[in-house]
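# coordinates only, sequence not included:
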């Protein structure tokens, strides 16, 4: 799989840009702030319908424009597909496949699979639990796009249930009874959607774990062993539980916490409150790992994702955004070995010398919102 062509209109800093890519390594070179990452971000958006830098779509649209458009020609298994996404803040995004509209933008998920490594990945190790949940769920959707629907269903139910809890709690504090007649129904919906999401995460983690261990050993040179475990908001979690058992356990916890939830106006248990515990040796990475160790672990998580997706069949596109500048020479060479074997690796760098020689394939100079191929 590789991206043959990228076109953006009113995307970030670009009024328009067109780039043709080949398989193998391509390097986007230019000073910071000139728009290299914007192009990497556009490719990643087609794969995930999200940005690795911002949570909302509004910043993706060029100032003064009403909408942004990203088009990619993707070659997979000898067949080319054209995917177009139109981003309109405040409205539902629209998508086309081979110029034909699809009912929902998420219908394009699974056509392009990418793994993007960037300095922002440090937040997976050092940031709050939401960063680690997002890492797991994004990878879950990349492997199996149907989880985009599961994720959306859970978020919708959670929002509705929290609104009901908040209204009931306010009523009780004002001396009224508070209407909770529909809470049992929302409990059932939350338990079902939450169990599906947790079951997917647990299966993913079981598959991902050995790849993380191996990738960290490769990147860090065997200095310590990486570990990761799922940390559930449930009082007890059986990792071997099936979806039905998880739903029943979640339903019991919701019933037991109902009084506290009404008082606080929020749902206190469920996958939205879970975490991914990362370890180096016997110590938690968050709070104990050095900057270098944290960066190596963040990179290992992305390289492990890449290896897992490859093992599923169909090689993803590897996107490396200003990564080599963060690494010492030994780690740089180890990463170059991996990238050199990729069917396609698209790399950004402030200076070409940051990228090892064997990855100096096609080169594009990026400056002042313009992209020019020079080699």
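On my side now, so go ahead. Bear in mind the structure is a predicted one, so any value in this text is a computation, not a measurement.

# which secondary element of the chain has the worst mean pLDDT?
One helix or strand of the chain scores below all others by mean pLDDT, DSSP states H and E: strand 370-373, with a mean of 83.

# Just want the phi and psi numbers for the nearest residue in space to residue 118 that is not next to it in sequence.
If you skip the residues right next to it in sequence, residue 118 has residue 321 as its closest partner in space, 3.9 Å away by Cβ to Cβ, 6 or more residues apart in numbering. Placement of C-beta: from N, CA and C, glycine included. Main-chain dihedrals, residue 321, degrees, to the nearest 10: phi -100, psi 100.

# any idea how far residue 56 is from residue 72?
22 Å (Cβ to Cβ, to the nearest Å).

# More neighbours: which of the two?
residue 72 (25 against 9; other Cβ atoms under 10 Å).

# Could you double-check that the more buried one lies in contact with residue 1?
No. Judged on Cβ atoms under 8 Å, residue 72 makes no contact with residue 1 at a distance of 11.4 Å.

# so what's in contact with these two at the same time?
Here residue 72 and residue 1 have residue 112 as joint contacts, going by Cβ atoms under 8 Å, 6 or more residues apart in numbering.

# Quick check: neighbours of the least confident helix or strand of the chain in the sheet, parallel or antiparallel?
strand 362-367 (antiparallel) (DSSP bridges).

# what comes up buried for the strand it pairs with?
Neighbour-count burial for strand 362-367 flags 362-366 (criterion: 16 or more other Cβ atoms under 10 Å).

# And stretch 187-204, by the same measure?
Judged by neighbour count (16+ other Cβ under 10 Å), stretch 187-204 contains these buried residues: 187, 189-202, 204.

# try stretch 300-318
300-310, 315-318.

# Please name the nearest non-neighbouring residue to residue 302.
Nearest to residue 302 is residue 117, by Cβ to Cβ, 6+ apart, at 4.2 Å.

# Could you do residue 293 as well?
Using Cβ to Cβ, 6+ apart and skipping the chain neighbours, the partner closest in space to residue 293 is residue 280 (5.9 Å).

# center of the chain - which residue?
Closest residue to the average C-alpha location of the chain: residue 138 at 3.7 Å, with Cα atoms, centre = their mean.

# can you pull the contacts of the residue nearest to residue 118?
Counting by Cβ under 8 Å, 6+ apart, residue 321 touches 36-37, 40, 116-119, 348.

# mind listing which of these are in helices?
36-37, 40 (DSSP state H).

# PyMOL command to pick out the buried ones of the residues you listed?
Buried subset of the ones in helices among the contacts of residue 321, written as a PyMOL selection, criterion 16+ other Cβ under 10 Å:
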select buried, resi 36+37+40
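
# Pick the one among the ones in helices among the contacts of residue 321 closest to residue 372.
residue 36 (12.6 Å; Cβ to Cβ).

# Isn't the closest one up against residue 28?
Yes. Counting by Cβ under 8 Å, residue 36 sits close enough to residue 28 to count as a contact (4.6 Å).

# what do the two both touch?
Contact criterion Cβ under 8 Å, 6+ apart; residues shared by residue 36 and residue 28: 348-349, 366.

# what about the helices in the stretch 101-250 of the chain?
In the stretch 101-250 of the chain, helices defined by DSSP state H, counting those that start in this stretch lie at 122-126, 129-143, 147-173, 183-220, 243-256, listed in chain order.

# From the contact counts, what lies against the fourth one?
Going back to what we said before, that points to helix 183-220. Contacts defined by 3 or more Cβ pairs under 8 Å, 6 or more residues apart in numbering; DSSP states H and E place helix 183-220 against helix 129-143, helix 147-173, strand 226-231, helix 243-256, helix 291-312, helix 329-340.

# Go through the first one and flag the buried ones.
Same thing as helix 129-143. Within helix 129-143, the residues that count as buried by 16+ other Cβ under 10 Å are 129, 131-143.

# show me what contacts residue 71?
Contacts of residue 71 (Cβ under 8 Å, 6+ apart): 5-8, 82-85.

# distance of the nearest residue to residue 153 once chain neighbours are set aside from residue 239?
Residue nearest to residue 153 in three dimensions, not counting chain neighbours: residue 193, with 4.7 Å by Cβ to Cβ, 6+ apart. Using Cβ to Cβ, residue 193 is found at 20 Å from residue 239.

# same check, this time on residue 113
Distance, residue 113 to residue 239, using Cβ to Cβ: 26 Å.

# so when I look at residue 5, I'm seeing a strand, right?
Yes. Residue 5: assigned to a strand according to DSSP: H, G, I helix; E, B strand; the rest coil.

# Name the nearest residue to it, ignoring sequence neighbours.
Nearest non-adjacent residue to residue 5 (Cβ to Cβ, 6+ apart): residue 73, at 4.0 Å.

# Could you list the low-confidence segments of the stretch 51-200 of the chain?
172, 174-179 (pLDDT under 70).

# thought residue 276 was touching residue 134?
No. Residue 276 is beyond contact range of residue 134, at 10.1 Å (criterion: Cβ under 8 Å).
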